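J.: sequence unknown, structure follows:
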Ligand SMILES: [Zn+2]
């Protein structure tokens, strides 16, 4: 296999990575993990791309800046009123004094109570709650998707990973990162299907992706979502 060096263009205030596409037609822009990726048909020269980026630089800088703000917003203090995501729900945290417990109050409030309120205790309570929800939800989704994929895991375990959403070993055991439960349902489904498909194909070759696509034709949207937003999942 040959490895082609990545083309980049340094502009005033940002660096663009050029990804050559086989499609004809227009140039596409994508923000991925706070970086600009330019999807460009191979017929377009670097000079042409430079001119195009120059004409769009105000728009690009605004987008990159907005993204930076999103990243810095992830700082949490674990106080009442802070927003937390749980599958497709937007929850507001409510911290109160009382016996230890974490529960949903209706569809929009997540209540954490403890005898003495301390932010790291609140965080730990939330992690425990998310792990439990992840176990229940992911087990359900695995039961749903197993017959569709045609593969059944030996066991499902919820773990804490820094930089992966799930894993699969040759004994047929699946592991999932609890943090994924903070992502939309469709994204969780894509991770579930991804790992189930590894029970059939222990690689990321064409056969593997064909199987994923057969079960989830829109899996690429979820993949992109994780690339763009995945860094915001979890509690630090
Ligand atoms: Zn994989």
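T.: Noted; the coordinates are in hand. Since this is a predicted model, take the numbers as computed values, not measurements.

J.: Low-confidence bits of the chain, can you list those?
T.: Residue ranges of the chain with pLDDT under 70: 1-5, 33-34, 67-74.

J.: Break down it into its strands, ranges please.
T.: 7-10, 15-21, 28-32, 35-41, 83-86, 89-97, 101-105, 109-114, 155-159, 166-168, 173-177 (DSSP state E).

J.: Could you single out the most deeply buried of those?
T.: Sort those by mean neighbour count, taking mean count of other Cβ atoms under 10 Å, and strand 173-177 sits at the top with a mean of 21. For every residue, glycine as well, the C-beta is placed using N, CA and C.

J.: picking that back up, will you turn the strands of the chain into JSON lines that also has distance to residue 120?
T.: What follows is the strands of the chain, written out as JSON lines (distance: least, Cβ to Cβ, whole Å):
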{"stretch": "strand 7-10", "distance to residue 120": "41"}
{"stretch": "strand 15-21", "distance to residue 120": "38"}
{"stretch": "strand 28-32", "distance to residue 120": "32"}
{"stretch": "strand 35-41", "distance to residue 120": "33"}
{"stretch": "strand 83-86", "distance to residue 120": "16"}
{"stretch": "strand 89-97", "distance to residue 120": "12"}
{"stretch": "strand 101-105", "distance to residue 120": "15"}
{"stretch": "strand 109-114", "distance to residue 120": "11"}
{"stretch": "strand 155-159", "distance to residue 120": "21"}
{"stretch": "strand 166-168", "distance to residue 120": "27"}
{"stretch": "strand 173-177", "distance to residue 120": "21"}
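
J.: of those, which approaches residue 225 most closely?
T.: The closest of these to residue 225 is strand 28-32. By Cβ to Cβ, the value is 11.0 Å.

J.: isn't residue 202 right next to residue 171, touching?
T.: No: using Cβ atoms under 8 Å, residue 202 is not in contact with residue 171, being 11.3 Å away.

J.: Name the residue in these two with the higher neighbour count.
T.: The neighbour comparison of residue 202 against residue 171 (other Cβ atoms under 10 Å) goes to residue 202, with 12 against 8.

J.: Skipping adjacent residues, who's closest to residue 113 in space?
T.: Residue nearest to residue 113 in three dimensions, not counting chain neighbours: residue 98, with 3.8 Å by Cβ to Cβ, 6 or more residues apart in numbering.

J.: Domain parsing of this structure, as residue ranges.
T.: For the chain, automatic domain parsing gives the domain ranges 7-73, 83-232.
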